[in-house]
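Asks: below are the sequence and a predicted model for it; my questions follow.
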Amino acid sequence: MSILRSFLLGIVTLVAILGIISISLPRQIHIQRDIIINASPEATYEQLIDLRNWPNWLPGDHNRTSKMLSYAGPSVGSSLHWTSERRSMGQSTVTIVSAEPPKKLVTDLEFEKEDKAHSTFTLEETEEGTKLTWHLEKYMGDNPIRKFSGLLIDSTVGEEFEDGLANIKKEVESKNVLTDN
């Protein structure tokens with residue numbers, strides 16, 4: 001019986017330690033990636049503002065595991081709805097909430113189970129082309145499991161952001177390339 005008691009005490013101690021550690025973990029996560037695109041900010045912005053373009057560059061396996069459902073609305077206020085076979089995404093919606101052509105685009109993301117995030121694209125003209133920065137903020141709450149999972153999101157979602165930015169670069173540069181004149 002003492003082995004079982006020791007095991008249970010060890011489990012309770014581990015849970016308590018993880019609970020204490022989770023108190024110090026952030027409630028909000030931030031993910032940011034950027035890329036230089038050899039095109040003007042206007043050309044890059046045009047790729048972002050029209051949600052009908054998003055399936056061409058969305059990161060991950062969206063084209064293979066998702067079914068695009070619908071587009072709605074004008075530029076600001078427009079939304080894209082899709083269903084993904086990825087369990088973490090399920091039914092998802094992205095909505096453009098504000099736009100400052102050709103400098104900034106802000107979207108809200110809603111995933112299944114009332115999971116929400118806020119995403120911002122900023123465009124800056126540089127000597128090399130347009131610096132496109134993709135930033136995401138997500139509230140993880142006080143749930144210790146969600147807070148611990150937030151530690152892993154930067155690496156997993158960050159890789160998807162890098163893929164998405166590379167796809168945007170490819171899409172924009174295939175249509176609009178800056179030249180030295």
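Replies: On my side now, so go ahead.
Asks: who are the packing partners of the lengthiest helix in the chain?
Replies: Taking DSSP state H as the criterion, the chain has its longest helix at helix 144-175. For helix 144-175, the elements it packs on are helix 2-24, strand 28-37, helix 41-49, strand 130-139, judged by 3 or more C-beta pairs under 8 Å, 6 or more residues apart in numbering; DSSP states H and E. Placement of C-beta: from N, CA and C, glycine included.
Asks: most tightly packed of the ones you listed?
Replies: helix 41-49 (a mean of 20; mean count of other C-beta atoms under 10 Å).
Asks: name the residues that touch that one?
Replies: Identification of contacts with helix 41-49 by C-beta atoms under 8 Å, 6 or more residues apart in numbering yields 37, 53, 57, 75, 96, 99, 101-103, 105, 121, 123-125, 130, 132, 168, 171-172, 175-176.
Asks: one more pass at 7 Å, please.
Replies: With contact meaning C-beta atoms under 7 Å, 6 or more residues apart in numbering, helix 41-49 is reached by 37, 53, 75, 99, 101-103, 105, 121, 123, 125, 130, 132, 168, 171-172, 176.
Asks: can you pull the contacts of residue 125?
Replies: residue 41.
Asks: same thing but 10 Å
Replies: Counting by C-beta atoms under 10 Å, 6 or more residues apart in numbering, residue 125 touches 40-42, 44, 102-103, 131.
Asks: tell me which of those residues is nearest to residue 92?
Replies: residue 44 (23.5 Å; C-beta to C-beta).
Asks: roughly how far apart are the closest one and residue 77?
Replies: To residue 77, residue 44 is 21 Å away according to C-beta to C-beta, to the nearest Å.
Asks: could you check how far the residue nearest to residue 104 when sequence neighbours are not counted is from residue 4?
Replies: Spatial nearest neighbour of residue 104, chain neighbours left out: residue 122 (5.2 Å); criterion: C-beta to C-beta, 6 or more residues apart in numbering. Residue 122 sits 57 Å away from residue 4, going by C-beta to C-beta.
Asks: cool, and residue 13?
Replies: Distance from residue 13 to residue 4, by C-beta to C-beta: 15 Å.
Asks: check residue 25 too.
Replies: From residue 25 to residue 4 the distance is 31 Å (C-beta to C-beta).
Asks: could you do residue 133 as well?
Replies: Where residue 4 is concerned, residue 133 sits at a distance of 54 Å (C-beta to C-beta).
Asks: hang on, the earlier thing: off-centre distance for the longest helix of the chain?
Replies: Relative to its chain's centre, helix 144-175 lies at 6 Å (C-alpha atoms, centre = their mean, to the nearest Å).
Asks: report the buried residues of that helix.
Replies: 144, 146-147, 150, 153-154, 157, 160-161, 164-165, 167-169, 171-173 (16 or more other C-beta atoms under 10 Å).
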